[in-house]
Every structure is written in structure tokens, then in C-alpha cells.
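Engineer: generate a structure from the sequence data that follows.
(one chain, ligands or ions: 1)
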Amino acid sequence: MLEIRSISKTFGGYQAVSEVSTTVRQGTIHAVIGPNGAGKTTLFNLVSGVLPPSAGSVSLEGQELTGRRPDRIARMGLVRTFQGVRLFGAMTVLENVQTGRYIRTSSDLLPMFLRIPGREGKQEAATRERAMQLLDMVGLAKQADAIAADLALADQRRLEIARALATEPRMLLLDEPVAGMNPVEVKEAAQLIQRIRDSGVTVLLTEHHMSLVMSISDRITVLNYGRKIAEGTAAEVRDDPQVVEAYLGTPEGAH
Ligand SMILES: Nc1ncnc2c1ncn2[C@@H]1O[C@H](COP(=O)(O)OP(=O)(O)OP(=O)(O)O)[C@@H](O)[C@H]1O
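Structural biologist: Okay, the predicted model is just below:
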């Protein structure tokens with residue numbers, strides 16, 4: 001589904017990602033893990049078009065993504081969320097999801113802001129209906145009319161996921177989706193990520209929460225100092241001596 005071929009990124013002589021290759025298989029939850037500074041976020045930035053690679057390439061179902069801009073990549077079927085939540089804080093929950101839908105339909109966002117109440121077009125009605133379905137999927141239907149900035153952190157993350165799904169992606173990248181969540185919220189997020197996978201959207205995620213990664217990932221790639229040091233199922237990766245060594249002395253990665 002997603003092919004990453006020998007991708008590298010150098011920041012002024014510092015090699016943040018070094019010749020990483022991997023294949024994300026369709027219909028899986030694939031995690032990228034590694035100690036702080038291992039290059040996970042940089043790899044996500046390379047895949048989603050936020051940063052151009054110094055070398056190497058990425059393709060999605062045979063279509064070349066390398067060198068394309070994030071909005072173009074989103075239209076090609078790959079969307080991401082960011083470590084820090086990036087929502088339209090002043091908009092309602094529902095409107096935030098609707099903006100994701102407009103990226104997909106390539107239409108101008110303006111009509112949404114200029115709309116005359118009570119005169120909703122056919123496309124707007126469909127967009128609203130799909131947005132409500134997605135809010136229901138992530139457990140936010142009751143808060144549809146709340147202002148996004150007023151939501152609790154866990155709900156804001158759920159909303160970001162709903163907005164990303166509104167672009168109808170084939171692949172979703174989640175950058176630390178449960179950071180700062182309590183154990184109950186983490187459990188709910190795990191179920192949501194599995195539901196997303198089961199709905200046919202392939203998931204690539206990076207996360208420090210090891211028990212989440214180990215319990216939901218079909219496949220795990222481990223980075224250390226920008227290089228891939230291991231790859232396999234949770235059981236394979238957990239017992240890999242290089243992985244154990246990479247995590248020693250990094251308590252943040254140990255939970
Ligand atoms: N724009 C940049 N300019 C210079 N160095 C950068 C830049 N972005 C990342 N780096 C460096 O590249 C390395 C990898 O960073 P990256 O954020 O990808 O790691 P990470 O695995 O996501 O870490 P964390 O788990 O802490 O989020 C780090 O040493 C970081 O300081």
C-alpha cells in the first residue's frame with residue numbers, strides 16, 4: 001500500500017532519517033516506534049509531504065508521493081494528524097469535520113462560511129450528514145455544536161481524527177494520538193483506531209505508549225538514531241536485543 005524506499009533526511013549535516021525502507025500493508029495498523037529523537041516525526045513529515053526528503057522516495061498504491069505538497073497528497077488518499085492538536089478553535093466541532101470534507105471535494109471553503117441559514121445545498125447536506133456519521137464514529141456526536149477550543153484534549157484529538165477521516169483517506173497517519181490521555185481515554189482511542197482499520201483505512205502511527213502499540217499494531221518498525229533497527233510483529237520486536245538496548249536508559253519509552 002505505502003512503499004517507503006531508502007528515505008533519508010539531513011538537517012544541516014545531521015542525519016535525522018537514514019535510508020529507511022518499509023512497506024505498510026493494506027488493512028493493517030503499522031506503528032513506528034523508537035526513543036526520543038529517533039526520527040519518527042521526521043519520517044511522518046517526509047511521507048506526508050511536510051518536508052522534502054534528501055534522498056529516497058515514497059509511493060501510495062503505486063502513485064509517487066515524493067515531492068508533492070501535503071494537500072495534494074491528502075487528495076491522493078493519505079492524511080495525517082499532528083502531535084500538537086491543530087483545529088479551527090473558534091469553529092464548532094461539526095464545522096471542523098466539514099472542512100475536512102471540503103478538502104476532498106476540492107471545492108472552495110468560502111461557501112460554507114457565507115452560507116445563508118436555511119438554504120443548504122445538496123452537497124452541503126451530504127457533507128453535514130457524513131460529518132455527523134464520523135462524529136458518531138469517534139464518539140463526539142453529542143458535542144457537534146460545541147466550540148472546538150472548549151473540548152477536552154482527548155476529545156480534540158478525536159475531532160482531529162474525524163476531520164482527517166472526512167477527507168475519505170485510504171491511509172491515515174497518526175502522530176502520537178494518545179499523548180497526554182488517561183488510561184480510560186487510551187483504551188477508547190485503541191478501540192477507535194481498530195475501528196478505523198476495520199473500516200478499510202490503513203493506519204500508520206507513531207506512539208510512545210508501548211502497551212497501546214503492542215496491543216493494536218499488526219506490524220511495528222523500530223527506529224533508532226534515524227535508522228531502522230527492527231521490524232515485525234509485537235512479539236518479534238519486543239524480544240529483539242537491539243530494540244531492548246535502544247530503549248535502555250530512556251524511561252519515556254518504557255511505559
Ligand atoms: N527541522 C529540524 N531542524 C533540525 N533538526 C531537526 C529538525 N527536525 C528534527 N530534527 C532533529 O532530528 C532528530 C529526529 O527528530 P524527530 O522529531 O523526527 O524524532 P522523534 O523520533 O519524532 O522524537 P520524539 O519521540 O521526541 O517526537 C532529532 O535529533 C531532532 O532534533
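
Engineer: the residue nearest to residue 188 when sequence neighbours are not counted: neighbour count?
Structural biologist: Closest residue to residue 188 apart from its sequence neighbours, by C-beta to C-beta, 6 or more residues apart in numbering: residue 139 at 7.0 Å. Heads up, the C-betas are built off the backbone N, CA and C, glycines and all. Residues within reach of residue 139, counting by other C-beta atoms under 10 Å, total 15.

Engineer: which ones are touching residue 139?
Structural biologist: Taking C-beta atoms under 8 Å, 6 or more residues apart in numbering as the definition of contact, the neighbours of residue 139 are 158, 188, 192.

Engineer: spell out which parts of this structure neighbour the ligand.
Structural biologist: For the chain, the residues in contact with the ligand (C-beta under 6 Å from any ligand atom) are 11, 14, 16, 34, 36, 37, 38, 39, 40, 41, 42.

Engineer: output the below-cut-off pLDDT ranges for the stretch 51-200 of the chain.
Structural biologist: By pLDDT under 70, the weakly predicted segments of the stretch 51-200 of the chain are 83-85, 102-121.

Engineer: helices of that one, start to end?
Structural biologist: When secondary structure is read from DSSP state H, counting those that start in this stretch, the stretch 51-200 of the chain shows helices at 70-75, 93-105, 110-114, 122-138, 153-165, 183-198.

Engineer: run the chain-centre distance for the fourth one.
Structural biologist: Centroid displacement of helix 122-138 relative to its chain, using C-alpha atoms, centre = their mean, to the nearest Å, is 20 Å.

Engineer: mind listing what's buried along it?
Structural biologist: Under the neighbour-count criterion of 16 or more other C-beta atoms under 10 Å, helix 122-138 has 124, 127, 128, 130, 131, 132, 134, 135, 137, 138 buried.

Engineer: tell me the angle that helix makes with helix 153-165.
Structural biologist: Interaxial angle, helix 122-138 versus helix 153-165 (axes from the mean of the first three to the mean of the last three C-alpha atoms, to 10 degrees): 140 degrees.

Engineer: helix 122-138 packs against which elements?
Structural biologist: helix 93-105, helix 153-165, helix 183-198 (3 or more C-beta pairs under 8 Å, 6 or more residues apart in numbering; DSSP states H and E).

Engineer: with mean neighbour count added, can I get the ones you listed in TSV?
Structural biologist: Supplementary listing: the helices and strands packed on helix 122-138 in TSV, determined by neighbours: other C-beta atoms under 10 Å:
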stretch	mean neighbour count
helix 93-105	21
helix 153-165	23
helix 183-198	16
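
Engineer: need those in a markdown table with distance to residue 50, can you?
Structural biologist: Compiled in a markdown table, the helices and strands packed on helix 122-138 are given as follows (distance: least, C-beta to C-beta, whole Å):
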| stretch | distance to residue 50 |
| --- | --- |
| helix 93-105 | 15 |
| helix 153-165 | 14 |
| helix 183-198 | 21 |
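
Engineer: thanks a lot, see you next time.
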